[in-house]
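# I would like to see how this sequence folds:
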Amino acid sequence: MRHFIFLLVFLILPLQGYCQQIDSLLSILETTITQRSSYDKVRLTRIEDLKRNLSKGNMTAERKFYLQQLLIEEYEPFNFDSTQHYLNLNKQLSHELKSLALTNSISLKMAKILASSGRYFEAIEYLNELEYNSLSQSDLKNYYSNLIKIYTDLAIYSPIHETYRKYSRIAQSYTDSLSVLLKEGTEEYLAIEEKRFRDKRLFNESKRINDQRLALTTPGSRQYSLVTFERSLIYELKGNVSERKKYLILSAISDIQSAVKDNASLTTLALILHKEGDINRAYHFIKFAYEDASFYNSRLRFTLISNILPVINEAYQIRAEKQKKKLRSFLFIISCLSVFLLIAIYFIYRQLKTLNRAQSELVNANEQLKRLNNSLKEKNQTLNILNEELSESNLVKEHYIANFLSICSNYIDKLDMLNKGIAKQINAGKVEDLFKQSKSRKLMDQELKEFYQNFDDIFLHIYPHFVEEVNNLLQEGEEIMLKKNETLNTELRVFALIRLGINDSSRIAKLLRYSVNTIYNYRVKIKNKAKGNRDEFEQNIMRIDAIKS
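Alright, predicted model coming up:
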């Protein structure tokens with residue numbers, strides 16, 4: 001599915017203006033953000049499968065090491081603490097197996113995740129503990145790669161120019177050492193070549209190599225996120241903001257789809273959008289990146305985002321305040337117009353009363369009396385209809401207000417109990433239990449079930465024959481049959497809300513916690529079963545009467 005999205009993007013882009021390209025990509029990114037939990041679930045499912053296999057008995061130390069190594073690979077871009085936990089377990093296991101090669105491999109991996117999270121000197125300590133001569137060629141590559149990462153980052157984040165030059169020279173020396181070990185055409189070799197050309201501002205050569213690297217990746221993978229992010233660095237140096245944004249967006253989409261929490265694309269993109277004045281998107285993107293950084297527990301990423309978040313948040317609050325002021329101005333104007341309207345209605349009302357008195361005095365002839373009687377009869381019929389509608393409306397309002405107050409009171413009691421429970425758990429030091437409880441959907445599902453029950457009880461109190469009346473509008477054999485202990489089902493709730501005057505599918509979807517497409521499908525499905533003209537089905541629903549009390 002995600003491959004199809006990327007293919008669709010690249011087919012559409014050449015056919016539209018560039019601004020539309022960026023807007024389309026941003027819309028896809030916003031949609032992808034809303035689907036984060038589904039992408040995370042895929043990775044979590046793999047992790048749970050590995051943990052189940054790991055929990056089985058009668059397992060050799062080698063098999064256990066292998067399974068824990070797979071868990072490390074899954075956790076590495078997802079959660080720092082869990083990655084470190086299984087690395088420590090495997091390090092201990094490598095000592096038990098008396099395998100220097102496995103110990104070296106774990107130390108190199110530990111140095112890598114420490115460096116990626118900003119713990120550079122801790123990473124250097126791990127690398128210094130290694131016996132250089134005992135490293136295999138594969139480990140030697142990882143050894144140099146870690147040192148390049150450490151000293152490159154130290155150079156980038158160094159505020160002193162001399163320190164920057166010092167660390168850059170060290171990083172370059174390790175890059176030269178690594179290049180000797182790499183075969184031409186491999187991903188590692190191409191990455192070094194691309195950076196070398198980029199640093200020399202040879203952008204065409206750098207892009208050419210980046211194209212080769214992109215051809216070796218798949219959209220939605222961690223590697224694709226990295227290559228597109230490095231593509232954005234080329235355009236940053238060229239000063240091409242549009243192309244830079246494009247590849248940052250593609251990188252961010254791929255990060256989310258591959259459930260990578262240790263990422264930089266979305267943070268950088270939020271900063272660019274903030275500078276361009278797109279405050280709403282910048283705020284939501286940086287907030288999303290902050291949540292990912294907090295989950296991953298990356299000290300480096302968390303620090304960088306913490307420096308940016310207050311700036312964007314302040315701009316967002318200022319924008320919100322301006323919108324509030326504008327809204328208050330509109331409300332003031334509407335209030336003034338309402339006053340003028342009431343005054344006009346008052347004078348019209350007085351004129352109508354005067355006219356009615358004059359008409360009463362002029363009615364002498366039988367013909368005029370008949371016409372007046374007919375007119376009064378029509379008005380009385382209209383008033384009767386309006387009175388019935390008003391009576392029903394008042395009944396609905398009175399009943400819903402009473403139940404709303406009762407529900408609000410219940411929720412206040414629940415919030416009070418929840419606060420007391422949280423305070424008790426905090427005082428007892430059960431923060432981990434409290435965290436698990438906050439991630440559980442049990443309370444949400446329970447409250448949603450109670451919401452449906454309250455809605456059904458209140459609605460059927462006012463419209464007790466609603467189910468029967470709806471089935472009378474359907475073809476024979478197509479009636480809606482409720483399950484045991486079921487008062488209303490989802491289909492009936494959709495049309496219950498329509499009967500209450502809520503006709504917009506998006507509002508119905510929000511109230512019932514379904515997607516708009518699902519609500520639309522329910523409406524179409526039931527209307528297709530209607531007797532007679534299906535287009536008049538919802539009008540017939542509106543004619544269902546409430547019980548009079």
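# ok, and the closest non-adjacent residue to residue 227?
residue 213 (4.7 Å; CB to CB, 6 or more residues apart in numbering). Backbone N, C-alpha and C define where each C-beta goes, glycine included.
# got the contact list for the one you found?
Counting by CB atoms under 8 Å, 6 or more residues apart in numbering, residue 213 touches 187, 190-191, 194, 227.
# Can you spell out which helices and strands pack onto the helix or strand hosting residue 494?
Secondary structure from DSSP states H and E places residue 494 in helix 490-499. Contact analysis of helix 490-499 by 3 or more CB pairs under 8 Å, 6 or more residues apart in numbering; DSSP states H and E lists helix 442-462, helix 466-472, helix 505-512, helix 516-527, helix 537-542 as its packing neighbours.
# Buried ones in stretch 530-540, by neighbour count?
530, 537-538, 540 (16 or more other CB atoms under 10 Å).
# okay, the residues you listed in JSON lines with pLDDT and distance to residue 468 next?
Converted to JSON lines, the buried residues of stretch 530-540 look like this (pLDDT from 0 to 100; distance: CB to CB, whole Å):
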{"residue": "530", "pLDDT": "90", "distance to residue 468": "16"}
{"residue": "537", "pLDDT": "89", "distance to residue 468": "16"}
{"residue": "538", "pLDDT": "87", "distance to residue 468": "18"}
{"residue": "540", "pLDDT": "90", "distance to residue 468": "14"}
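# Between all of the residues you listed, which two are separated the most?
530 and 538 (9.3 Å; CB to CB).
# Any idea how many residues pack against residue 260?
23 (other CB atoms under 10 Å).
# let me fix that: residue 275
10.
# what's the answer for residue 244, then?
That count, for residue 244 with other CB under 10 Å as the rule, works out to 21.
# Could you look up the SS state of the closest residue in space to residue 205 that isn't next to it in sequence?
Among residues not flanking residue 205 along the chain, residue 197 sits closest, at 4.2 Å (CB to CB, 6+ apart). Assigned by DSSP: H, G, I helix; E, B strand; the rest coil, the conformation of residue 197 is helix.
# quick one, what contacts residue 197?
203, 205-206, 209.
# Recalculate using a threshold of 10 Å.
203-210, 234 (CB atoms under 10 Å, 6 or more residues apart in numbering).
# Give me the buried subset of the residues you listed.
203, 206-207, 209-210, 234.
# and of the residues you listed, the nearest to residue 477?
residue 210 (62.9 Å).
# So that closest one sits against residue 231, correct?
Yes: taking contacts as CB atoms under 10 Å, residue 210 lies within contact range of residue 231: 5.1 Å.
# Any chance you could list residues touching both of the two?
194, 198, 247.
# of those residues, buried ones?
194, 198, 247.
# Just the closest of these to residue 425, please.
For those, the nearest to residue 425 is residue 247 (45.2 Å; CB to CB).
# rewinding a little: so the residue nearest to residue 227 versus residue 238, what's the distance?
Per CB to CB, to the nearest Å, residue 213 is found 18 Å from residue 238.
# pLDDT of the helix holding residue 494, averaged?
In this model, helix 490-499 carries a mean pLDDT of 90.
# Measure how that helix sits relative to helix 516-527, angle-wise.
Orientation check (axes from the mean of the first three to the mean of the last three CA atoms, to 10 degrees): helix 490-499 against helix 516-527 gives 90 degrees.
# For the strand or helix carrying residue 107, buried residues please.
Secondary structure assignment for residue 107, by DSSP H and E: helix 100-116. By neighbour count on 16+ other CB under 10 Å, the buried set for helix 100-116 is 102-116.
# Are there helices or strands packed against that helix, and which ones?
helix 61-75, helix 80-96, helix 120-128, helix 137-156, helix 299-362 (3 or more CB pairs under 10 Å, 6 or more residues apart in numbering; DSSP states H and E).
# Run the chain-centre distance for that helix.
The chain centroid and the centroid of helix 100-116 are separated by 34 Å, computed with CA atoms, centre = their mean, to the nearest Å.
# same deal with stretch 176-190?
39 Å.
# so how far is the first residue of it from its last?
14 Å (CA to CA, to the nearest Å).
# who touches that stretch?
137-138, 140-145, 147-148, 191-193, 196, 209-210, 212-213, 216-217, 223, 226-227.
# hmm, try it at 7 Å
For stretch 176-190, contacts defined as CB atoms under 7 Å, 6 or more residues apart in numbering pick out 137, 140-141, 144-145, 148, 192, 209, 212-213, 216.
# how about low-confidence regions in the stretch 401-549 of the chain?
Residues of the stretch 401-549 of the chain that meet the criterion pLDDT under 70 lie in 401-416, 418-421, 423, 433-440, 548-549.
# before we move on, the earlier item: in PyMOL, how would I select just the buried ones from the contacts of residue 213?
Applying 16+ other CB under 10 Å to those, the buried members can be selected in PyMOL as follows:
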select buried, resi 190+191+194+227
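# And the furthest pair within the contacts of residue 213?
So, the contacts of residue 213 by CB to CB: farthest apart are 187 and 194, at 10.4 Å.
# mind giving me the domain split of the chain?
363-439, 442-542 (automatic domain parsing).
# ok, residue 67 - contacts?
50, 53-54 are the contacts of residue 67 under CB under 7 Å, 6+ apart.
# If you rank the residues you listed by neighbours, which is first?
In the contacts of residue 67, the most neighbours by other CB under 10 Å go to residue 50, 19 neighbours.
# Surely that residue touches residue 71?
Yes: the pair residue 50 and residue 71 passes the contact test of CB atoms under 7 Å, sitting 5.1 Å apart.
# tell me the average confidence for stretch 112-130?
Rounded mean pLDDT across stretch 112-130 is 88.
# Tell me the one among the buried ones among the shared contacts of residue 210 and residue 231 nearest to residue 467.
So of those, ranked by how close each gets to residue 467 (CB to CB), first place is residue 247, at 55.4 Å.
# mind checking which helix or strand that closest one is in?
helix 241-257.
# tell me which strands and helices that helix is in contact with?
Under the contact definition 3 or more CB pairs under 7 Å, 6 or more residues apart in numbering; DSSP states H and E, helix 241-257 sits against helix 18-34, helix 36-54, helix 222-238, helix 265-276.
# I am finished for the moment; much appreciated.
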